[in-house]
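Visitor: Need coordinates for the following:
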Amino acid sequence: MPETKNNPTAVSSNRLATLDVILGGLMRRYKERVPDVQAIIDAMVADGVISSGDAIENDHIAFRTMGVAQLGVASLEKVFLHCGYQRRDPFRFPGKKLAAWWYSPPLPVYPRIFISQLLVDDLSAEAASIIRSYTDEVRSDPVDALDLDDGAAVDAFLHRPLWRTPTWHDYSRLAAESEYAAWVIYNRYYLNHFTVSVHNLPVGYNTVAQFNAFLEAHGFKLNDAGGKIKISQDGLLIQSSTVAEMVNAWFSDGYGGLEQFHISGSYVEFAERRVLPQYTGLPVDQIQRQHRRDGFEVGNADKIFESTYSHQTNKRG
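Guide: Now for the predicted structure:
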């Protein structure tokens with residue numbers, strides 16, 4: 001995938017307004033599907049950490065995709081490149097058979113975006129065949145058929161099925177080999193998570209360690225894959241996450257009917273971006289986003305992915 005260079009200053013107000021509609025739709029449905037989001041906000045307000053949810057800075061949002069023709073990162077990224085995002089660093093996760101890229105926003109008020117894709121051809125022939133039996137229903141890039149200036153149309157697209165409802169048998173077979181694959185075959189483009197920027201919270205809550213303690217005191221379950229706190233090699237990006245919510249999901253029974261099972265949905269992440277060494281002398285009230293560690297860390301992300309995996313979700317009881 002070639003490097004994409006957009007000029008943020010050239011992004012029109014109309015495209016930013018479109019982006020507002022898209023992000024608003026994503027977050028609205030995400031909150032409806034992930035009760036932990038509002039529960040965390042309510043706990044923060046009740047304890048006086050924030051006055052309202054509007055005080056939270058969204059560090060980034062994340063999507064999962066299938067890396068096949070017509071879909072994957074190459075398709076989904078068009079939505080956000082159109083709105084002024086810039087593609088940045090690539091990442092590889094060989095053990096999970098994933099690739100990913102992150103995208104910087106047109107203005108600092110918008111969240112970063114992280115899009116990953118399953119390397120379908122790296123799976124077993126059986127798993128790849130199951131996936132393609134669904135994704136082959138998509139015969140052309142669906143984003144190319146969208147009016148990318150119509151925020152409502154893009155929002156609707158991100159929340160509608162791309163292929164037929166999977167069977168429980170296919171979901172289970174995929175989960176046995178790749179829990180990421182199983183998550184995507186059912187959830188498609190549902191928002192995987194949003195991220196609270198804890199470094200912008202009041203003193204006493206503005207580190208991941210402190211915020212984790214707050215979360216656990218209120219009964220929230222944290223992903224402990226690789227430890228509850230994930231730290232980048234340079235020590236400047238610290239992350240944690242809740243264990244994904246479990247949702248009631250309807251699967252095809254293969255005979256024209258539906259059957260319901262309980263599966264992993266989405267979760268909430270928390271990020272602490274520390275001030276870069278060259279800016280440590282800045283007064284606290286002058287520190288802006290550009291003064292903090294940017295980007296992502298493959299080691300952190302590798303374990304954050306497991307927030308939807310059964311060895312974590314089983315902790316929800």
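Visitor: from here on, contacts and neighbour counts on C-alpha atoms
Guide: Noted.
Visitor: Contacts for the longest helix along the chain, please.
Guide: For the chain, the longest helix by residue count, based on DSSP state H, is helix 13-33. For helix 13-33, contacts defined as C-alpha atoms under 8 Å, 6 or more residues apart in numbering pick out 37-38, 80, 82-84, 149-152, 154-155, 158, 190-191, 247, 265-266.
Visitor: same thing but 10 Å
Guide: With contact meaning C-alpha atoms under 10 Å, 6 or more residues apart in numbering, helix 13-33 is reached by 12, 37-39, 61, 79-80, 82-84, 106-107, 110-111, 148-156, 158-159, 189-194, 245-247, 265-267.
Visitor: Out of the residues you listed, list just those in strands.
Guide: Of the contacts of helix 13-33, the ones assigned to strands by DSSP state E are 61, 193, 194, 246, 247, 267.
Visitor: Now a PyMOL select for only the buried ones of these.
Guide: Selection of the buried residues among the ones in strands among the contacts of helix 13-33 in PyMOL, burial being defined by 16 or more other C-alpha atoms under 10 Å:
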select buried, resi 61+193+194+246+267
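Visitor: any weak-confidence spans in this structure?
Guide: The model of the chain has pLDDT under 70 over residues 1-10, 317.
Visitor: Distance of the spatially most central residue of the chain relative to residue 47?
Guide: The structure's the chain has its C-alpha centroid closest to residue 62; by C-alpha atoms, centre = their mean the separation is 2.0 Å. Distance from residue 62 to residue 47, counting by C-alpha to C-alpha, to the nearest Å: 28 Å.
Visitor: now residue 19
Guide: Taking C-alpha to C-alpha, one finds residue 19 at 32 Å from residue 47.
Visitor: likewise residue 54?
Guide: 16 Å.
Visitor: circling back: need the ones in strands among the contacts of helix 13-33 in TSV (columns: distance to residue 232).
Guide: Below are those laid out as TSV (distance: C-alpha to C-alpha, whole Å):
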residue	distance to residue 232
61	19
193	20
194	19
246	29
247	31
267	21
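Visitor: Relative to residue 259, which of the ones in strands among the contacts of helix 13-33 is nearest.
Guide: residue 247 (13.6 Å; C-alpha to C-alpha).
Visitor: Next up, the contacts around that closest one.
Guide: Contacts of residue 247 by C-alpha under 10 Å, 6+ apart are 33, 34, 261, 262, 263, 264, 265, 266.
Visitor: Type out the ChimeraX command that picks the buried ones from those.
Guide: Those of those that count as buried under 16+ other C-alpha under 10 Å are selected in ChimeraX with:
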select :33,34,263,264,265,266
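Visitor: now for the contacts of residue 247, which pair is the farthest apart?
Guide: 34 and 261 (17.0 Å).
Visitor: mind listing the helices in the stretch 201-317 of the chain by residue range?
Guide: For the stretch 201-317 of the chain, the helices defined by DSSP state H, counting those that start in this stretch cover 208-217, 298-304, 310-313.
Visitor: can you give me how far the longest one is from the chain middle?
Guide: Read it as helix 208-217. The chain centre lies 21 Å from the centre of helix 208-217; the measure is C-alpha atoms, centre = their mean, to the nearest Å.
Visitor: In terms of secondary structure, what does it contact?
Guide: helix 35-46, strand 237-241, strand 267-273 (3 or more C-alpha pairs under 10 Å, 6 or more residues apart in numbering; DSSP states H and E).
Visitor: for that helix, which positions count as buried?
Guide: Buried residues in helix 208-217 (16+ other C-alpha under 10 Å): 208, 209, 211, 212, 214, 215.
Visitor: Without its sequence neighbours, what residue ends up closest to residue 79?
Guide: residue 148 (6.5 Å; C-alpha to C-alpha, 6 or more residues apart in numbering).
Visitor: Tell me if I'm right that the one you found and residue 76 touch.
Guide: No. Contact criterion C-alpha atoms under 10 Å: residue 148 and residue 76 do not qualify, at 11.4 Å.
Visitor: residue contacts, residue 148?
Guide: 15, 18, 19, 78, 79, 80, 82, 83, 154.
Visitor: Please tell me how far it sits from residue 259.
Guide: 35 Å.
Visitor: One more: residue 28?
Guide: Taking C-alpha to C-alpha, one finds residue 28 at 27 Å from residue 259.
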